[in-house]
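In: sequence and predicted model, in that order:
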2 protein chains.
Amino acid sequence: MNRMLDGLRVVEGAAFVAAPLCGMTLAQQGADVIRFDPLGGGLDARRWPITAEGRSLYWAGLNKGKRSIAVDTHTPQGRQLVVDLITAPGEGSGIFLTNFPATGWLGYEALSARRPDLIMMSLSGNSDGTTAVDYTLNCAVGLPFVTGPEHGGHPVNPMNHVLPAWDAITGVTAAMGILAAERARRLTGRGDHVQLPLADVAFAMMGNLGYIAEVQVNDVERRSYGNYLYGSYGCEFETADGRYLYLVALTHRQWDALREVTGLGEKFDALEPLMDVELDREGDRFTAREAITALLHPWFRKRTLAEVEQAFRGTHVCWGPYQTFHQMMQDDWRCSTANPMFSMVEQPGIGSYLVPGSPLGFSGSPRRPAVRAPQLGEHTDQVLHDVLGLSDGEIGGLRDRHVVGGPIDVS
Amino acid sequence: MNRMLDGLRVVEGAAFVAAPLCGMTLAQQGADVIRFDPLGGGLDARRWPITAEGRSLYWAGLNKGKRSIAVDTHTPQGRQLVVDLITAPGEGSGIFLTNFPATGWLGYEALSARRPDLIMMSLSGNSDGTTAVDYTLNCAVGLPFVTGPEHGGHPVNPMNHVLPAWDAITGVTAAMGILAAERARRLTGRGDHVQLPLADVAFAMMGNLGYIAEVQVNDVERRSYGNYLYGSYGCEFETADGRYLYLVALTHRQWDALREVTGLGEKFDALEPLMDVELDREGDRFTAREAITALLHPWFRKRTLAEVEQAFRGTHVCWGPYQTFHQMMQDDWRCSTANPMFSMVEQPGIGSYLVPGSPLGFSGSPRRPAVRAPQLGEHTDQVLHDVLGLSDGEIGGLRDRHVVGGPIDVS
């Protein structure tokens, strides 16, 4: 947590990964992010992974630092409360983040009639309104045919990656888009309806990374290269003690360090005329990757991971061990409280565990401990009182009629 | 392109993916992003994929919409020009983006002495200054052991994903961080030295997605589930014509639609007591995934992809075909000029191909055609004249002494 976005207020009506991640990213820089959900919890309230008691580690992970209000938007009063929250006055307020198909009472037209300088960030699947999710988009962009073991040019059984990368990129892009729109509002007084289709994030990134040009300009179909790093040198190696590591030589400096530390410089020199390459060129290292690997294999096979670590420490060799999730937690200081980004946080109903704050460190706004996710409806009364100025009596009436509720233990 | 960030000026000294992507993202929303490089090109000037003539499709992809100045920073005059550019006056100026180990004359201390309200965004590998890149971080976070074919709990040969996802997330996070710092500067007058280690982006995301809690709270090691979607229902199927598709049922609505369209509702009902599950619950669909798949396989095997498309069109079934890179370009309107995000753009020395603009659409700043990448040093004279007010004679002198140059054809 930090306070860079002090004074910004975002109302979030969202579920799943991208939109909640957007809200959380803003909350972690100090924005007041108010997420509203039905009294029974949203579509993602029970998403896996869950604890033995059925509480969602997923939900706790993607809603950190937000305030939660539980409200029944099937009632006219509940709808009015949500509209009032979204359009409440205030210079940094009037920002609505959603991935719902928000139309009618929750649409931009209706909301901006109430607050003309509204900023509404609408995440969607495809720009034509049809559904697309991270998993179907990943299939569409071609990557699963070039993931997995090296094979010839013909597509074999596709292999998905596990990280919901398109969701993650989209969530952060949405946060960036909200800040761009808020900057413009400060300068011009005008709000904005920002549209961000997940599909466009994915296809744009494929263009940014050169995949589209490779088809249209070079007319080649990129094939699978297993764990080799396309266009450079990167390869996995097994060590004497059965661990795996990945070795990279992108730059001159990394390549020179590798030659020196392994003592294989002369052998690499001898490779050059054999393979018709100059190995100080990144692309040529890719061309000669298998020969390079063949020379390196014995060096790694006779060393344990600890010995490799010892040999590479303090040099410019670029490498890292493969770690299981448990090894990541046991062996890596970067994923521990030795890293100031992390804090041990008590999450009610779940327990105490390592929770990240923002990866961004601002010199002007010191890092504060990470903040847990709210329980569903934990801040219902507080939000209705602070933002909408409702009295205890009014809030009590809304509770009695089950228009609002919380805190609610979802499991 | 749009003009949301009109008036913002960023000077970029960077290479590879994350930092150039940050600058490009800001340029695509209308910021004036000036990238400086050596006269021979930066570390990434020749990165693959390249054309037959050796021109980098990669560089063209990640530097769209920027201005390029070629300057020799080994000369005192070249250094002074870069410092002058970074610290030039102007409300939206004074923003420096870099992934260099920027110290000494290019460090925050020296630069902020020249312009106290400087915003400097420093991307790094690890927060302790040691090297980490996308590929070594991906090994560290555990994902390659759960990618690829389904296997037991023991790690087998790790399998990397192909997308440089951590770079992509980091690039957009950096753009968000610059806008957060610029907002704070507008409100307080103070600049900021923002630090963003790639490693922290990766480990934070693992926390956000529940992987850390799964180890620490549940004490389980997530295993590989092949192409199954963990915690929900998602599976690949082969069609009668040998195509592959991915089918997802995250929500009630998607599951109900699948039951209805396939006519398998009664069979799914009969599964519930056999598997002790309630299939309208997302987690239970994961538990019974193999049984669900077994019932669905025959339905897909007897239909071509076109017949599947016909059956699912207009319903809430969530699915999508796997596409090769060529199929993506031939068959998918989302990756064509039918999508207003894309334009056909002529890139000098490379040719005309489909180029994406920003996936963000702002109602207040209409989309303009995508803008190509500059040639190296294409804007040297323009930048020295516009930003630093140098005369033709002064610029000529700098050129004569090889302090600056361009445009330069890199191949």
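Out: It's in.

In: using the three-state scheme, assign the most centrally placed residue in chain A.
Out: By CA atoms, centre = their mean, chain A has its centre lying nearest to A:Ala168, at 3.0 Å. On the three-state scheme (DSSP: H, G, I helix; E, B strand; the rest coil), A:Ala168 is labelled helix.

In: ok, now which ones touch it?
Out: Counting by CB atoms under 8 Å, 6 or more residues apart in numbering or on different chains, A:Ala168 touches A:Val17, A:Ala18, A:Leu21, B:Ala165, B:Ile169, B:Met205. Placement of C-beta: from N, CA and C, glycine included.

In: pLDDT score assigned to the fifth one?
Out: Right, B:Ile169. At B:Ile169, the predicted lDDT confidence score is 98.

In: that one and A:Ala113, how far apart?
Out: From B:Ile169 across to A:Ala113, the span is 36 Å (CB to CB, to the nearest Å).

In: which one of the two is surrounded by more residues?
Out: Each of B:Ile169 and A:Ala113 has its neighbours counted (other CB atoms under 10 Å in any protein chain shown); B:Ile169 has more, 27 against 11.

In: hang on, the more buried one packs against A:Thr170?
Out: No: judged on CB atoms under 8 Å, B:Ile169 makes no contact with A:Thr170 at a distance of 10.1 Å.

In: what about A:Phe100, how many residues close to it?
Out: 15.

In: burial check on the residue of the stretch 151-300 of chain A found nearest chain B, number of neighbours?
Out: With CB to the nearest CB as the measure, A:Gly231 is the residue of the stretch 151-300 of chain A nearest to chain B, at 2.6 Å. Counted by other CB under 10 Å, the residues lying close to A:Gly231 total 21.

In: make sure it is indeed in a strand.
Out: No: per three-state DSSP, A:Gly231 lies outside any strand segment and is coil.

In: what about the residue nearest to it when sequence neighbours are not counted, distance to B:Pro38?
Out: Spatial nearest neighbour of A:Gly231, chain neighbours left out: B:Trp48 (2.6 Å); criterion: CB to CB, 6 or more residues apart in numbering or on different chains. Here the criterion is CB to CB. By it, B:Trp48 lies 20 Å from B:Pro38.

In: next one: A:Gly189
Out: A:Gly189 is 44 Å from B:Pro38, by CB to CB.

In: likewise A:Gln375?
Out: 55 Å.

In: repeat for A:His379
Out: 53 Å.

In: more neighbours: those two, which one.
Out: A:His379 (21 against 18).

In: dump the residue contacts of that one.
Out: Counting by CB under 8 Å, 6+ apart, A:His379 touches A:Ile34, A:Arg67, A:Ser68, A:Ile69, A:Gly406.

In: what is the three-state secondary structure of the first one?
Out: The local conformation at A:Ile34, judged by three-state DSSP, is strand.

In: thinking it is in contact with A:Gly13, fair?
Out: No: using CB under 8 Å, A:Ile34 is not in contact with A:Gly13; the gap is 9.7 Å.

In: so which of the two has more stuff around it?
Out: A:Ile34 (27 against 23).

In: and A:Arg401, its phi and psi?
Out: Backbone torsions of A:Arg401, given as degrees, to the nearest 10, read phi -90, psi 10.

In: around it, how many other residues sit close by?
Out: Neighbours of A:Arg401 using other CB under 10 Å come to 12.

In: kindly report the same for the one 10 residues further on.
Out: Neighbours of A:Ser411 under the rule other CB under 10 Å: 13.

In: now it: closest residue in space, sequence neighbours ignored.
Out: A:Gly54 (3.9 Å).

In: in three-state terms, label the one you found for me.
Out: coil.

In: what do you get for the one 5 residues further on?
Out: The assignment at A:Trp59 comes out as helix when based on three-state DSSP.

In: list the contacts for it?
Out: Neighbours of A:Trp59 in contact, by CB under 8 Å, 6+ apart: A:Asp44, A:Ala45, A:Arg46, A:Arg47, A:Ala373, A:Val410.

In: quick one: buried residues of stretch A:47-64?
Out: A:47-51, A:55-64 (16 or more other CB atoms under 10 Å in any protein chain shown).

In: quick one: pLDDT of the residue nearest to A:Arg114 when sequence neighbours are not counted?
Out: The shortest distance from A:Arg114 to any non-neighbouring residue, by CB to CB, 6+ apart, is to A:Thr87 (4.1 Å). Looking at A:Thr87, its pLDDT reads 98.

In: may I have the phi/psi pair for A:Thr87?
Out: Dihedral angles for A:Thr87 - degrees, to the nearest 10 - are phi -100, psi 10.

In: can you check the pLDDT for A:Ala102?
Out: 89.

In: make sure it is indeed in a strand.
Out: No: counting by three-state DSSP, A:Ala102 is not found in a strand; it is coil.

In: quick one, phi psi at it?
Out: Dihedral angles (degrees, to the nearest 10) for A:Ala102: phi -80, psi 100.

In: what residue ranges in chain A score low on pLDDT?
Out: Within chain A, the ranges that satisfy pLDDT under 70 run A:152-155.

In: let's see it at 50
Out: Counting by pLDDT under 50, chain A has no low-confidence residues at all.

In: strands of that one, start to end?
Out: A:9-13, A:32-37, A:67-71, A:95-98, A:119-124, A:192-197, A:233-238, A:244-249, A:318-321, A:342-347, A:351-356, A:361-362, A:404-405 (DSSP state E).

In: direction included, what does the second one pair against?
Out: What it means is strand A:32-37. The pairing partners recorded for strand A:32-37 under DSSP bridges are strand A:9-13 (parallel), strand A:67-71 (parallel).

In: what number of residues lie near A:Arg185?
Out: Using other CB under 10 Å, A:Arg185 has 20 other residues around it.

In: surely it touches A:Asp192?
Out: Yes: using CB under 8 Å, A:Arg185 is in contact with A:Asp192, at 7.2 Å.

In: common neighbours of those two, please.
Out: What both A:Arg185 and A:Asp192 touch, as defined by CB under 8 Å, 6+ apart, is the set A:Ile119.

In: if I look at the closest residue to A:Leu388 other than its chain neighbours, how far off is A:Gly125?
Out: Leaving out its chain neighbours, the residue that sits closest to A:Leu388 by CB to CB, 6+ apart is A:Asp84, at 5.4 Å. According to CB to CB, A:Asp84 and A:Gly125 sit 29 Å apart.

In: do A:Asp256 as well
Out: Plainly put, A:Asp256 is 47 Å away from A:Gly125 if you go by CB to CB.

In: which one's more surrounded, those two?
Out: The residue with more neighbours, out of A:Asp256 and A:Gly125, is A:Gly125; 20 against 16, by other CB under 10 Å.

In: not counting residues beside it along the chain, what's closest to the more buried one?
Out: For A:Gly125, the closest residue by CB to CB, 6+ apart turns out to be A:Ala132, at 3.5 Å.
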